[in-house]
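# Based on what follows, work out the 3D shape:
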Amino acid sequence: MNLDQRIYFFHANASIAQALMNLDLVDEYHLMLHPLAIGKGKPLIKNMKNRQKLEPIQSEAYKNGEFTLYCRSDMTTKKNAPEENFLSALSAPARGALENNGIKSIDAVSKFTEKEILKLHGIGKSAIPILKIELAKNGLAFKEGKGRSQ
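Residues are numbered from 1 along each chain as shown. Model (predicted):
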């Protein structure tokens, strides 16, 4: 199984967390905060290679005054964004439909008819004009006819 397909959750001290953050391996943070001022301690977010903006997605408060803040890193959003290619012009369902069918390049799109593309689950009629524009930018067009050649 590809590491990117697994979900890992573990508690870490500040040193381990910093190392993982600097390797860009943390997508979501569960920050457990204890409102106690002691004036000492190791900062969790220190010596970061890349600045990350944390987006709060949920929080939980406990009777003892502690709370957990769940945040997603903006690096996660950047990692999951589509590449700046023809796919980035399409909706997420349309991108997924093409990718799940092995269509990852505009050249691959040109091997299909419009009708064949429209049959893919997730492709709506609004995707066709976008694909036509992207094909034309590359001197390509949808395949004509009824069949499909590989």
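# ok, how many other residues are close to A97?
By the criterion of other CB atoms under 10 Å, A97 has 20 neighbours. Where you see a C-beta, it was placed from the backbone N, CA and C, and this is true even at glycine.
# Can you verify it is assigned to a strand?
No. Secondary structure of A97 (DSSP: H, G, I helix; E, B strand; the rest coil): helix, not part of a strand.
# Once you drop chain neighbours, what's closest to it?
Distances taken as CB to CB, 6 or more residues apart in numbering put G122 closest to A97, at 3.2 Å, once the chain neighbours are dropped.
# what's the answer for V26, then?
Closest residue to V26 apart from its sequence neighbours, by CB to CB, 6+ apart: L20 at 5.2 Å.
# what's the neighbour count on the one you found?
Around L20 there are 14 residues (other CB under 10 Å).
# Where does it sit, in terms of helix or strand?
Assigned by DSSP states H and E, L20 belongs to helix 14-22.
# Parallel or antiparallel, which strands does the helix or strand following that helix pair with?
Next along the chain after helix 14-22, taking DSSP H and E as the criterion, comes strand 28-33. Partners of strand 28-33 in the sheet, by DSSP bridges, are strand 67-73 (antiparallel).
# I figured the residue nearest to V26 hits D27, correct?
No. If you go by CB atoms under 8 Å, L20 and D27 don't touch, sitting 10.4 Å apart.
# Doesn't G102 lie inside a strand?
No. Assessed with three-state DSSP, G102 is coil; it does not lie in a strand.
# tell me the pLDDT at L120?
For L120, the pLDDT comes out at 94.
# Would you map out the domains in this structure?
Domain assignment of the chain by automatic domain parsing yields the ranges 6-79, 82-137.
# Please name whichever of the ones you listed is nearest to G145.
Evaluated over those, closeness to G145 peaks at domain 82-137, with 6.4 Å, by CB to CB.
# Let me know the helix or strand that K132 is in.
Using DSSP H and E, K132 maps to helix 127-137.
# ok so, going back, quick check, pLDDT for the residue nearest to V26.
In the prediction, the pLDDT value recorded for L20 is 78.
# now the one 3 residues further on
The per-residue pLDDT reported for L23 equals 77.
# on that earlier part again, next, find the distance separating the residue nearest to V26 from G122.
Applying CB to CB, to the nearest Å, the value for L20 to G122 is 34 Å.
# returning to that earlier point: winner for burial among the domains of the chain?
Mean neighbours per residue, mean count of other CB atoms under 10 Å, is largest over those for domain 82-137, with a mean of 15.
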